[in-house]
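# next comes the sequence, and after it the predicted model I'd like to discuss.
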Amino acid sequence: MDFPKSARVLTRAEYLKFFEGSEVRKLGVVVVFRIPNSRGEPRLGITIKARVNSVYRNKLKRQIREVFRAGRPGMESYDYNVVVPGGVRVDHRTPGAVRRKLETIWSHEAAF
């Protein structure tokens, strides 16, 4: 499966919409924001502070994208923003834990 540009939240204005009135789900080290869109397909945005070690940050982003790609065909038309807050300690265990939690909410989206 691919991850085309149309499946990404790209602009600052799109990211700012998440703070106006979105559904929020806290999953341990990450927070997932969700807002409906009119594009007919789900889109993903990822926000991780630059203070996180680059190796862990990139692995975490890869894991988030992979879970999104796998669950995307059955997902409704929403924009998602997965946020790793700045105060969270990210280490080698974090990407796997985040992947498992995202798999559970994106495979059972009604439970969001």
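Great, that's in hand. Residues are numbered from 1 along each chain as shown.

# residue 67: neighbour count?
22 (other Cβ atoms under 10 Å). All C-beta spots, glycine's among them, are computed from the backbone N, C-alpha and C.

# you'd agree it is in a strand?
No: using DSSP: H, G, I helix; E, B strand; the rest coil, the secondary structure at residue 67 is helix, not a strand.

# which stretches of the chain form strands?
23-27, 30-36, 43-48, 78-84 (DSSP state E).

# can I get those strands in JSON lines with distance to residue 93?
Formatted as JSON lines, these follow (distance: least, Cβ to Cβ, whole Å):
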{"stretch": "strand 23-27", "distance to residue 93": "14"}
{"stretch": "strand 30-36", "distance to residue 93": "13"}
{"stretch": "strand 43-48", "distance to residue 93": "16"}
{"stretch": "strand 78-84", "distance to residue 93": "14"}
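
# most neighbours per residue, which of those?
Across those, the average number of neighbours (mean count of other Cβ atoms under 10 Å) peaks for strand 78-84, which reaches a mean of 22.

# what helices or strands is it leaning on?
strand 30-36, strand 43-48, helix 54-71, helix 94-107 (3 or more Cβ pairs under 8 Å, 6 or more residues apart in numbering; DSSP states H and E).

# where does pLDDT dip in this structure?
Within the chain, the ranges that satisfy pLDDT under 70 run 1, 108-112.
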